[in-house]
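Colleague: Have a look at this fold, sequence not included:
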């Protein structure tokens with residue numbers, strides 16, 4: 001199976017684009033998760049500035065303990081957060097799992113792994129694998145990996161973690177000015193016969209003709225790490241690289257101005273690996289110690305038997321000759337892993353329609369063996385997930401779109417992954433397909449009342465279209481919005497003819513004490529038919545209070561995304577409003593959406609949902625009934 005281990009360095013590109021177009025770049029922050037005495041792995045979480053997100057669900061475990069939440073301090077003395085709590089962050093931070101002893105009434109928190117310093121036994125003191133240290137004058141970090149592998153802090157030829165170091169051809173131990181097949185150490189062309197003279201598994205590529213030696217893994221004399229740093233150091237194997245990627249949290253970042261990736265191990269220790277260097281107008285990679293199984297000359301196809309790992313943007317299926325140059329990040333320790341079943345997380349479904357949905361999964365650990373199959377099982381009964389779909393491709397983050405579903409139906413699903421040690425399933429999650437009423441789509445956001453929200457405004461053909469604008473209590477859009485042409489008054493707001501609670505505003509003292517629009521005056525019912533209506537003030541408050549609300553852009557239109565507890569969402573565009581006359585203002589900046597509820601303290605106004613890029617909430621302050629606002633229908 002191919003493993004995509006390319007780390008795309010988009011940081012520099014994104015900064016460059018912002019500088020060119022003058023856009024306002026939002027800062028990003030990283031939240032790391034620490035098991036704090038527990039076991040397992042969790043990927044870090046990236047937040048944008050002022051962005052509200054739900055924290056990842058805990059997947060750590062600890063024998064004899066129950067997970068009780070997160071804290072910014074290992075001891076639990078810092079700021080506490082609950083599992084899945086929605087937060088915003090203003091800086092990078094680490095959240096430590098908090099544990100309660102199941103056999104004691106007094107809770108107890110685990111403690112983090114300590115790390116020592118000093119040389120290992122080869123240089124006089126310390127214990128290999130027992131912490132961070134130095135060997136032959138080069139520093140290493142214990143990341144707490146299952147194999148016990150210790151990763152160097154620098155590349156061969158570099159003096160700092162962010163230094164690129166030297167370039168080497170595979171199986172060569174010294175850098176050189178040019179890298180060609182003709183000057184490759186283990187290649188010969190005598191004019192009549194040509195081929196490789198070492199590490200030849202297939203005789204067709206050997207020299208002399210029919211030569212093969214069966215060697216696939218670098219010998220110490222040809223290992224740039226061993227040769228340059230001494231005994232005990234080696235170029236990493238493919239399985240060590242796979243373990244690094246799957247068992248560590250890793251994020252794109254920059255260190256001292258150099259783009260790269262930060263790997264945080266299960267014990268909280270970290271290493272930084274710079275992304276790419278430019279040499280002869282080309283981007284370069286990192287070697288592993290293994291020859292690709294099916295070829296003698298190629299070293300770059302990114303599969304489980306990969307020969308290089310790439311920390312740059314490139315073609316995943318690129319093949320590259322062994323005589324080409326790449327970087328080396330040394331390791332210490334055994335490459336042997338006892339395979340375990342993969343670890344997989346089921347993520348929320350996306351792109352939900354009445355008849356289809358996209359299921360998402362994430363393999364957080366391959367278990368030290370090739371993942372031979374991955375996908376999802378699903379169905380309408382959690383005890384009988386009879387539907388099955390397999391996912392191709394090499395990425396650990398995968399998805400599949402399932403079709404032929406029934407509208408307005410709850411579906412259960414979970415991700416799975418299989419290797420030689422077995423099959424593991426993620427948690428069962430649910431989604432509800434959107435429904436259709438009178439040819440208009442509704443979305444179930446998992447709200448307590450069961451209210452379903454339309455996926456677009458009245459008069460719109462897509463969620464991001466602005467649609468039409470209505471005065472409160474009117475069922476048709478118009479060009480001019482003023483009191484003198486408002487349906488329910490006699491020219492001025494002090495002569496209301498319907499929906500009036502105060503005699504001083506009624507025509508000749510008229511009152512009717514109506515506080516909610518009747519169906520005949522409801523723009524949603526009139527335009528979309530029975531079953532659809534405008535939301536009440538209470539239903540609008542329920543929407544904003546029970547959803548994660550974010551300012552975003554969808555297909556070029558700005559607005560607010562409301563994401564329910566079940567992962568479903570609706571998008572309300574910032575359509576602006578008709579304030580007076582034919583004036584249409586605040587388009588692209590503000591959203592104004594009518595409720596069906598009259599303001600109880602000022603009968604000439606009605607309640608509406610208002611939002612911009614900074615705030616959102618309910619208001620009646622500028623809710624004069626004659627104004628033209630958007631309408632987003634609901635149904636039950």
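Modeller: Happy to help now that I have it. Computed from a predicted structure; not experimentally measured.
Colleague: Could I get the full set of helices for the stretch 451-600 of the chain?
Modeller: Under the criterion DSSP state H, counting those that start in this stretch, the stretch 451-600 of the chain contains helices at 523-528, 537-545.
Colleague: What number of residues are in the vicinity of residue 366?
Modeller: Using other Cβ atoms under 10 Å, residue 366 is surrounded by 28 other residues. Any C-beta I mention is one placed from the backbone N, CA and C, and that applies to glycine too.
Colleague: rewinding a little: which one of the helices of the stretch 451-600 of the chain is the most hemmed in?
Modeller: Per-stretch averages of neighbours, counted by mean count of other Cβ atoms under 10 Å, single out helix 523-528 among the helices of the stretch 451-600 of the chain, with a mean of 22.
Colleague: Any idea how far that one is from the middle of the chain?
Modeller: 38 Å (Cα atoms, centre = their mean, to the nearest Å).
Colleague: do stretch 47-55 as well
Modeller: Between the centre of stretch 47-55 and the centre of its chain there are 12 Å (Cα atoms, centre = their mean).
Colleague: go on, stretch 372-385?
Modeller: How far stretch 372-385 lies from its chain's middle: 22 Å, per Cα atoms, centre = their mean.
Colleague: What lies in contact with that stretch?
Modeller: The contact list for stretch 372-385 (Cβ atoms under 8 Å, 6 or more residues apart in numbering) reads 1, 344, 346, 359, 361, 363, 386-391, 398, 400, 402, 406, 409-420, 423, 425, 428.
Colleague: Buried by neighbour count: which residues of it qualify?
Modeller: 374, 375, 376, 377, 378, 385 (16 or more other Cβ atoms under 10 Å).
Colleague: Burial check on the nearest residue to residue 485 once chain neighbours are set aside, number of neighbours?
Modeller: Nearest non-adjacent residue to residue 485, counting by Cβ to Cβ, 6 or more residues apart in numbering: residue 478, 7.3 Å away. Residues lying near residue 478 (other Cβ under 10 Å) number 16.
Colleague: In contact with residue 478, which residues are there?
Modeller: So, once contact is read as Cβ under 8 Å, 6+ apart, residue 478 ends up touching 471, 485, 628.
Colleague: Now do it against residue 578, distance only.
Modeller: As judged by Cβ to Cβ, to the nearest Å, residue 478 and residue 578 stand 9 Å apart.
Colleague: any common contacting residues for these two?
Modeller: Counting by Cβ under 8 Å, 6+ apart, the residues touching both residue 478 and residue 578 are residue 628.
Colleague: how distant is stretch 344-355 from the center of its chain?
Modeller: Here stretch 344-355 is found 14 Å from its chain centre; the criterion is Cα atoms, centre = their mean.
Colleague: Revised request: answer the last question for stretch 595-604.
Modeller: Here the centre of stretch 595-604 is set off from its chain's centre by 42 Å, with Cα atoms, centre = their mean.
Colleague: do the same with stretch 501-508
Modeller: On Cα atoms, centre = their mean, the centre of stretch 501-508 falls 56 Å from the chain's centre.
Colleague: now do stretch 248-263
Modeller: Distance of stretch 248-263 from its chain centroid, counting by Cα atoms, centre = their mean, is 17 Å.
Colleague: Likewise for stretch 44-63?
Modeller: With Cα atoms, centre = their mean as the basis, stretch 44-63 stands 10 Å off its chain's centre.
Colleague: Pull out the buried residues from that stretch.
Modeller: Residues 44, 45, 47, 51, 53, 55, 56, 58, 59, 60, 62 are the ones in stretch 44-63 that count as buried (16+ other Cβ under 10 Å).
Colleague: List the contacts of the second one.
Modeller: Pointing back at residue 45 there. 30, 31, 33, 53, 55, 56.
Colleague: Redo those as JSON lines? Include secondary structure and distance to residue 235.
Modeller: Putting those into JSON lines (DSSP: H, G, I helix; E, B strand; the rest coil; distance: Cβ to Cβ, whole Å) gives the following:
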{"residue": "30", "secondary structure": "strand", "distance to residue 235": "29"}
{"residue": "31", "secondary structure": "strand", "distance to residue 235": "33"}
{"residue": "33", "secondary structure": "strand", "distance to residue 235": "31"}
{"residue": "53", "secondary structure": "strand", "distance to residue 235": "39"}
{"residue": "55", "secondary structure": "coil", "distance to residue 235": "38"}
{"residue": "56", "secondary structure": "coil", "distance to residue 235": "34"}
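Colleague: Would you check the residues you listed and say which has the weakest pLDDT?
Modeller: Model confidence across the contacts of residue 45 bottoms out at residue 30, which has 73.
Colleague: and it, what are its bridge partners?
Modeller: Beta-bridge partners for residue 30, by DSSP bridges, are residue 46.
Colleague: any idea how far residue 548 is from it?
Modeller: As judged by Cβ to Cβ, residue 30 and residue 548 stand 19 Å apart.
Colleague: Over to residue 570?
Modeller: With distances taken as Cβ to Cβ, residue 570 is found 12 Å from residue 548.
Colleague: can you list residues touching both of these two?
Modeller: Contacts common to residue 570 and residue 548, judged by Cβ under 8 Å, 6+ apart, are residue 562.
Colleague: neighbour-wise, which of the two wins?
Modeller: Of the pair residue 570 and residue 548, residue 570 is the one with more neighbours under other Cβ under 10 Å, namely 23 against 15.
Colleague: Could you double-check that that one lies in contact with residue 442?
Modeller: No - if you go by Cβ atoms under 8 Å, residue 570 and residue 442 don't touch, sitting 9.4 Å apart.
Colleague: what sits in contact with each of those two?
Modeller: With Cβ under 8 Å, 6+ apart, residue 570 and residue 442 have common neighbours 453, 454, 455.
Colleague: What mean pLDDT does stretch 377-389 get?
Modeller: Confidence over stretch 377-389 (mean pLDDT, whole number) is 96.
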